[in-house]
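Trainee: based on what follows, work out the 3D shape:
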Amino acid sequence: MTQNPNEWIATENQEQRSLVRWIRMQPQIRDYLVKLNNEGRRNTAQGWNLKMMGMCKGASDLFLAYPIHPYHGLWIELKRSKRYCASERSHPTWIDQSAFIERMRGIGYDAHICFGFEEGIKVIKAYFGTQAQNLLQDHE
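Mentor: Sure, this is the predicted structure:
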C-alpha cells in the first residue's frame, strides 16, 4: 500500500462507522453485531471501575456473534487504512490487541486486524465463505 503524504485518510471512527453501516444493511447478520467500548482515555478511577466491570485489555472493536463452522464467531479489530510504522505496531495497545486476537483464535473464534472498512467487508465475506452469497448483499 503506497501512501501519498497529501492523501486524506479516514479516521478509525469513520472506518468503523462505514463497516457498521454495511453490516446493518445485511438483514441476516445485523442483529448479531456487538460493539465493545474499549477505546478512549480514562482517569485512574474510571479505568479501575471499568476493569472491575469486566473490561478486557486489547479486546477487539467488533464481534459478530454468528457461528459458522468451524468458528464460534468473528472478532474484528478495525484500524485506519494506512501504513503503520514499526513504532506504532510495537505500542502496548497494539500488542495487547494482537494477543487478544491470538487468544480468540486459540479457542475457536476467527479474529482479524482489518485496515479499513473495505478490508473488514472482505474478512466478513471470507468468514461466511460459500454461505456469503445467500446471507450477504452487495451494498459497497
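
Trainee: against residue 52, how distant is residue 28?
Mentor: Distance, residue 28 to residue 52, using Cβ to Cβ, to the nearest Å: 36 Å. The C-beta positions use only the backbone N, C-alpha and C, and glycine is treated the same way.

Trainee: could you do residue 134 as well?
Mentor: Separation of residue 134 from residue 52 (Cβ to Cβ) stands at 43 Å.

Trainee: can you name the farthest residue from the center of this protein?
Mentor: Within the chain, residue 45 marks the point farthest from the mean C-alpha position, 27.0 Å out by Cα atoms, centre = their mean.

Trainee: what about that one, which SS state?
Mentor: Judged by DSSP: H, G, I helix; E, B strand; the rest coil, the three-state class of residue 45 is helix.

Trainee: let me see the confidence value for it.
Mentor: Note for residue 45: predicted pLDDT of 85.

Trainee: pretty sure residue 127 contacts residue 64?
Mentor: Yes - here residue 127 reaches residue 64: they are 7.5 Å apart, a contact under Cβ atoms under 8 Å.

Trainee: what sits against residue 80?
Mentor: Applying Cβ atoms under 8 Å, 6 or more residues apart in numbering, one finds that residue 80 lies in contact with 9, 10, 11, 12, 15, 115, 116.

Trainee: make CSV from the residues you listed and add pLDDT to it.
Mentor: As requested, the contacts of residue 80 are exported to CSV (pLDDT from 0 to 100):
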residue, pLDDT
9, 85
10, 90
11, 91
12, 89
15, 95
115, 95
116, 95
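
Trainee: out of these, which sit inside strands?
Mentor: The strands, defined by DSSP state E, take in residue 115 from these.

Trainee: which pair of the contacts of residue 80 spans the longest distance?
Mentor: The most widely separated members of these, counting by Cβ to Cβ, are 11 and 115 (13.2 Å).
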